[in-house]
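Student: need a structure here:
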Amino acid sequence: MAIKLYYDLMSQPSRTLYILLKSLNCNLELKSVDLRKGEHYSEEFTKVNRMQRVPVIDHNGFVLSESVAIVKYLSRENIIPENLYPRESRLQARVEEFLEWHHVGLRLHCAMYFRVKYMDPILFGRKTDERQIASYERRMVSALEDFNSKWLGRGTPFIVGESVTVADLFAATELEQPRMAGYDPKEHFPVIATWAQKVREFFPHYDEAHVILNKVIAKQSKTSKL
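Tutor: Just a heads-up that it's a prediction; the model follows:
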């Protein structure tokens, strides 16, 4: 049976699983859930995930939410290959060390900057508070500095050594999000830029997963020039 993936490509963890599962050529059934239309609040989707969030998988009737839990499960089921999610104890621990740090160390700050600067004015019609935005930007930049020096600046091309793992994919998709709010980490951190390009080149469906995001950015660029 297929793995059903419920996702929205505007969601960073959704993009991670979309890219990962498509790259594995597994029996994948894609189920788009449009967050902007509120489809995650529908009765139909709530029956799938009571938390009303994406991503979610349904693997032979086993329904699981939360992206990191999903990746760990798929690894144990031998669906994710060992090169992307190591089974050797210490290498796996290094991947999981980053995934534990990622939620609060990187994702929180990138997501909050994106939300305050980009999403809140759209969702609530709020006028942007420049001081608040500047505060969130400082926190995000501090997190990026930590990521740049403490995870990438250790003499290896990827987060866990010499080869790409799921840790790199989680981080790379996360760092795309602030671009919609006008901040591209790659323009400010050369080490991040070099690493991100390698991750992008490794996964054949990376650009495909970011088509909508890139269209939003291109539209904003045209509007700002008018």
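
Student: In the chain, which helix is the longest?
Tutor: For the chain, the helix reaching the highest residue count under DSSP state H is reported as helix 130-146.

Student: downstream neighbour of that helix in the secondary structure list?
Tutor: Of the helices and strands lying after helix 130-146 in sequence (DSSP states H and E), the nearest is helix 166-176.

Student: what comes into contact with that next one?
Tutor: Taking Cβ atoms under 8 Å, 6 or more residues apart in numbering as the criterion, the residues outside helix 166-176 that touch it are 12-13, 15-16, 19-20, 67-68, 71, 80, 84-85, 95, 98-99, 102, 106-107, 110-111, 144, 147, 151, 158-160, 185-186, 192, 195-196, 199-200, 202-203, 206, 209-210, 213. In this view, the C-beta of every residue, glycine as well, is placed from N, C-alpha and C.

Student: Got the domain ranges for this protein?
Tutor: As recorded under automatic domain parsing, the domains making up the chain are 3-76, 89-225.

Student: Please convert these to JSON lines, extending it with mean pLDDT and mean neighbour count.
Tutor: JSON lines is the format used below for these (pLDDT from 0 to 100; neighbours: other Cβ atoms under 10 Å):
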{"stretch": "domain 3-76", "mean pLDDT": "97", "mean neighbour count": "18"}
{"stretch": "domain 89-225", "mean pLDDT": "95", "mean neighbour count": "16"}
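
Student: Please report the distance of the nearest residue to E145 once chain neighbours are set aside from L74.
Tutor: Leaving aside its chain neighbours, E145 sits nearest to F189 (8.0 Å; criterion: Cβ to Cβ, 6 or more residues apart in numbering). In this structure, F189 and L74 are 30 Å apart, going by Cβ to Cβ, to the nearest Å.
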